[in-house]
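Peer 1: The following comprises the amino acid sequence and a computationally predicted model.
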Amino acid sequence: MKIGVLALQGAVQEHVRAIESCGAESVIIKRIEHLDEIDGIVLPGGESTAMRKLLDHIGLLEPLRKKIINGLPAFGTCAGMILLAKEIQGSDTVHLGVMDTVAERNAYGRQVDSFEVPLAIKGVCDDYPAVFIRAPYIESVSGDAEVISEYDGHIVAVRQRHMLAASFHPELTDDTRLMNYFVEMVKENSSK
Ligand SMILES: NC(=O)CC[C@H](N)C(=O)O
């Protein structure tokens, strides 16, 4: 199993470590050609506007969108969740726009407002240590997007077929249960 990590900006190495501790191979994604080598992709946290500029700069936005639409499993965390959303509250910009989610950026305040809470995530566990950093949440979902976790009355994790999105940073703790869940999604998809 080869899982790519979009490596334009943000938390890349931490995801590499998390993927490898789940027994999968990781591939750093910086160019279009790299997309052909992988069975799944992680879109890390960081700054979604900066990532978007870099995606445009290297011409990766459309090829990546096509790959995901054609079935490449994708896991977006924090800024990555914003990249996947079909709508961003208060903005005309859409990045990949592949998930039926409406994202609210910086919903939990500024950088200082980072916190960790135990979360129940459907299909994963009841006590996942979720680290939020200037996190977005999902305002609403539609179509076959399924809410798999909520915190304080807001949606913080969603699964839609081969796509997964979380407001928080699973790479920042040693708990690999959520990454493992994604690795299983990738395996299921490859055995189809
Ligand atoms: N930790 C994060 O990834 C923060 C996301 C960031 N606030 C954004 O809008 O892109």
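Peer 2: That came through fine.
Peer 1: how about the residues of the protein near the ligand?
Peer 2: Within the chain, the residues that sit near the ligand (C-beta under 6 Å from any ligand atom) are 45-48, 78-79, 82, 105-106, 133-134. Just so you know, the C-beta spots here come from the backbone N, C-alpha and C atoms, and that holds for glycine as well.
Peer 1: Would you write a PyMOL line that selects the buried entries of these?
Peer 2: Buried residues within these, by 16 or more other C-beta atoms under 10 Å, are selected in PyMOL with:
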select buried, resi 45+46+48+78+79+82+105+133+134
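Peer 1: In helices, which of the residues of the chain next to the ligand appear?
Peer 2: 48, 79, 82 (DSSP state H).
Peer 1: before we move on, back to that, minimum pLDDT in the residues of the chain next to the ligand, which residue is that?
Peer 2: Minimum pLDDT for these is recorded at Asn106 (89).
Peer 1: Is it in contact with Tyr137, as I believe?
Peer 2: No - at 9.9 Å, Asn106 does not count as touching Tyr137 under the criterion of C-beta atoms under 8 Å.
Peer 1: got a pLDDT number for the most centrally placed residue in the chain?
Peer 2: Closest residue to the average C-alpha location of the chain: Gly76 at 0.8 Å, with C-alpha atoms, centre = their mean. We have a pLDDT of 98 for Gly76.
Peer 1: which ones are touching it?
Peer 2: Listed by C-beta atoms under 8 Å, 6 or more residues apart in numbering, the contact set of Gly76 reads 42-43, 82-84, 99, 163-166.
Peer 1: 10 Å - rerun?
Peer 2: Shown in contact with Gly76 (C-beta atoms under 10 Å, 6 or more residues apart in numbering): 6, 41-45, 48, 68, 82-85, 95-96, 98-99, 101, 103, 158, 163-167.
Peer 1: Much appreciated, bye for now.
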